[in-house]
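1. structural data only, the sequence is not supplied:
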Ligand code: BES
Ligand code: ZN
Ligand code: ZN
C-alpha cells in the first residue's frame, strides 16, 4: 500500500482508475457539481437524473468509461459545498479507498483539486486525505493461516498546485495514520500474543531509529520502585508486568516534558471479582490506552515536534492465579498512599496510580492519560465521544482546540470534591470503588487525581467506549477492532505545548 501526493496535471496521467468528487449545492434547486470540470460535462446526464447527487460518501462507479488515460471513473460525494470540513474529507476518502479496493486495480489516481476551496483548507484537507486513506487501509489478518496477501495498491493524490504547506500536511497525515494503525495492531493482537513483555519488546523495536529512548522495567525493578498498584494487579498472573518508559527530546533539556500515561492491561478478566464470560474476549483491548500512548510518542518523534515528551505505560494482566489480590487486600502505591481493593475488577486505576505518581516525579508541564477505565463511560457516552476529566481550565481549552484540529470527538465530564469523597477508604487511605451510587467514571477519575502532584495540569481520557468497535460510525475505522482513538488528539495537545 502506498499513498503519495503527486504534483501533476491529472489529464497527463494513465491509470486504471480515477476518483473525482461531487458536491451538492447549498442553494435550493441548484444542481450538484463534479469537481472535475470536463467530467462534470461528460456526466451531465447522470447529474440530471440524480444518479450523482453529491451526498456525503455517495459512490457512483462508471466502469469502463475510458476517459482519457483512465479506464474506470469513480465519483465520490463530499456533501454540501458550504459544509466542507476536514472530517468530511477524511470520511469521503474512506469511501474512495473502499471503491478503489473493490475495483481490484493496482493503481489509482485521486483528483484532489476542487476538494478544497482555499489555501488553508488545501493543507488541512490534504492532511485529512492522507489520514483517511491510511486509516481505511488498515487490516488485521496476520493470524489467519490462509491470509490473503494484500494486493499492491498505489494511490496517487494528484494536484496541480505546488504548495509546500500542502505537501507537509499530507506527509504529516501519512505519519499520523501509520502511527494510529500501529496502535490498532497492538490492540487487535490477542492477550496470549500481546503480553506485557511482548508489548514492551514491540515498543523497543518500533522506537528504533525514531530518536525515542525506551526503558523497560521488569517485575523485580517494579517492586524495587515501590509500584504496589501495578505489582498487586499482576499477582494473579503468570506473566510478568512491565513498566514502559518512552523519552523523546525535541528541544532544550531544560524545557519540562509533556507526559502521556497509558493503561496497558493486556487482558482483564476482572481478577477474583471475575467478569461474566459473555464478551470477556473483548478485554484484550484493555491495553488500548497504553497502545495509543505508544503510537502518540512514535508520531511525536516522527514529526520531530520541538517539545520534550515522555510516554509511560503500566502493563500487566488481571487474572485469578493463586497469588491474586483478594477483595479487601490493601496495597501501597508509589507515592505512599494506601488503598483497599474492594473490587479487583477496578484494576486500571491501581496501575495508573503508580504511573501517575512516577509522572509527577518528572515535574512535567502537563500529564495526559488514556485508559479503557470504566464501563460507566460506555453507558454515558457510547462510542461517539471520548469523555475527559480535568480541573484545569487552561488545559481544557487546549484539549477542546486539539480535538477540533484532530477531528476526534471529546466531551468534558465533571470531576468534583464530592467524587473524591466517595473514594475514601475504611481501613486505608482510599477505596478502589465508590461509596456512592453512579458517576462511576468520575469517581474513577477522582481516584486517579490522588496520584497527580498538586499544580500539575492533568487530564484523564476514558476511552472505554471509543477505543474499539467504532467502525459503525467512522468509515475509516474497523467495525470490530481497535480504533487508535486519541493518538491524533494527543499529538495536537503536544503541539499546544511547544
Ligand atoms: N477494563 C474495565 C472497563 C471497561 C468495561 C472497559 C467495559 C471497556 C468496556 C475496567 O477494568 C473495569 O472492569 N472497571 C469496572 C470498575 C467497577 C468495578 C468499579 C467497571 O467499569 O465495571
Ligand atoms: Zn477491570
Ligand atoms: Zn480493565
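-> Structure received. Quantities reported herein were computed from a predicted structural model and do not represent experimental measurements. Ligands and ions are numbered 1, 2, ... in the order given.

2. from here on, just use CA atoms for contacts and neighbour counts.
-> Noted.

3. what separates the residue of the stretch 1-150 of the chain found nearest ligand 2 from ligand 1, distance-wise?
-> Shortest the stretch 1-150 of the chain-to-ligand 2 distance, computed as Cα to the ion: residue-wise this is residue 140, at 25.3 Å. Separation of residue 140 from ligand 1 (Cα to the nearest ligand atom, to the nearest Å): 21 Å.

4. so that residue belongs to a helix, correct?
-> No: Residue 140 is assigned coil when assessed by DSSP: H, G, I helix; E, B strand; the rest coil, not a helix.

5. got the contact list for the helix or strand containing residue 73?
-> When elements are assigned from DSSP states H and E, residue 73 belongs to strand 70-80. With Cα atoms under 8 Å, 6 or more residues apart in numbering as the contact definition, strand 70-80 has outside contacts at 13-26, 34, 52-67, 84, 88-89, 92, 95-96, 99, 115.

6. residues contacting residue 267?
-> With contacts taken as Cα under 8 Å, 6+ apart, residue 267 has the following neighbours: 191, 283, 284, 285, 286, 287, 316, 317, 318, 319.

7. domain ranges for this structure?
-> For the chain, the structural domains run 2-162, 189-496, going by automatic domain parsing.

8. give me whichever of those domains is most buried.
-> Burial of these is given as mean neighbour count (mean count of other Cα atoms under 10 Å); domain 189-496 ranks first at a mean of 21.

9. where does the chain get nearest to ligand 2, which residue?
-> Proximity to ligand 2, evaluated over the chain using Cα to the ion, is greatest for residue 345 at 3.5 Å.

10. distance check, that residue against residue 88.
-> Distance of residue 345 to residue 88, computed by Cα to Cα, to the nearest Å: 39 Å.

11. that older thread, which strands and helices sit next to the helix or strand that comes right after the strand holding residue 73?
-> Remark: after strand 70-80, the chain's next helix or strand is helix 86-103, criterion DSSP H and E. Helices and strands touching helix 86-103, as assessed by 3 or more Cα pairs under 8 Å, 6 or more residues apart in numbering; DSSP states H and E, comprise strand 59-62, strand 70-80, helix 119-136.

12. TSV for those, including mean pLDDT and distance to ligand 2?
-> As requested, those are arranged in TSV below (pLDDT from 0 to 100; distance: least, Cα to the ion, whole Å):
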stretch	mean pLDDT	distance to ligand 2
strand 59-62	98	42
strand 70-80	98	41
helix 119-136	96	29
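
13. which of the contacts of strand 70-80 are close to ligand 1?
-> When Cα under 6 Å from any ligand atom is taken as the criterion, no member of these contacts ligand 1.

14. which of the contacts of residue 267 sits closest to ligand 1?
-> Using Cα to the nearest ligand atom, residue 286 is the member of the contacts of residue 267 that lies nearest ligand 1, at 5.4 Å.

15. pretty sure that closest one is in a strand, no?
-> No: following the definition three-state DSSP, residue 286 is helix and is not counted among the residues of a strand.

16. list the contacts for it?
-> Under the criterion of Cα under 8 Å, 6+ apart, the contact partners of residue 286 comprise 187, 263, 264, 265, 266, 267, 268, 371, 372.

17. how about the secondary structure of the residue nearest to it when sequence neighbours are not counted?
-> What sits nearest to residue 286 in space, not counting adjacent residues and going by Cα to Cα, 6 or more residues apart in numbering, is residue 265, at 5.0 Å. Of the three states, residue 265 takes strand under three-state DSSP.

18. where's residue 265 relative to ligand 1, distance?
-> As judged by Cα to the nearest ligand atom, residue 265 and ligand 1 stand 8 Å apart.

19. ok, that residue - contacts?
-> Listed by Cα under 8 Å, 6+ apart, the contact partners of residue 265 are 196, 284, 285, 286, 287, 290, 314, 315, 316, 317, 318, 348.

20. repeat for residue 163
-> Under the criterion of Cα under 8 Å, 6+ apart, residue 163 has no contact partners.

21. quick check: residue 311 is in a strand.
-> Yes: secondary structure assignment places residue 311 in a strand (three-state DSSP).

22. if I look at the residue of the chain most remote from its centre, what pLDDT would I see?
-> For the chain, the C-alpha lying farthest from the average C-alpha position belongs to residue 45; by Cα atoms, centre = their mean, that distance is 42.2 Å. In the predicted model, residue 45 carries a pLDDT score of 97.

23. on the three-state scheme, it is what?
-> Three-state secondary structure (criterion: three-state DSSP) places residue 45 in helix.

24. what does residue 358 give?
-> The three-state assignment at residue 358 reads helix, by three-state DSSP.

25. and the gap between the residue nearest to residue 286 and residue 256?
-> With distances defined as Cα to Cα, the gap from residue 265 to residue 256 amounts to 28 Å.

26. please apply the same query to residue 374.
-> 31 Å.

27. for ligand 2, what are the nearby residues on the stretch 251-400 of the chain?
-> Within reach of ligand 2 by Cα under 5 Å from the ion, the stretch 251-400 of the chain has these residues: 270, 345, 346.
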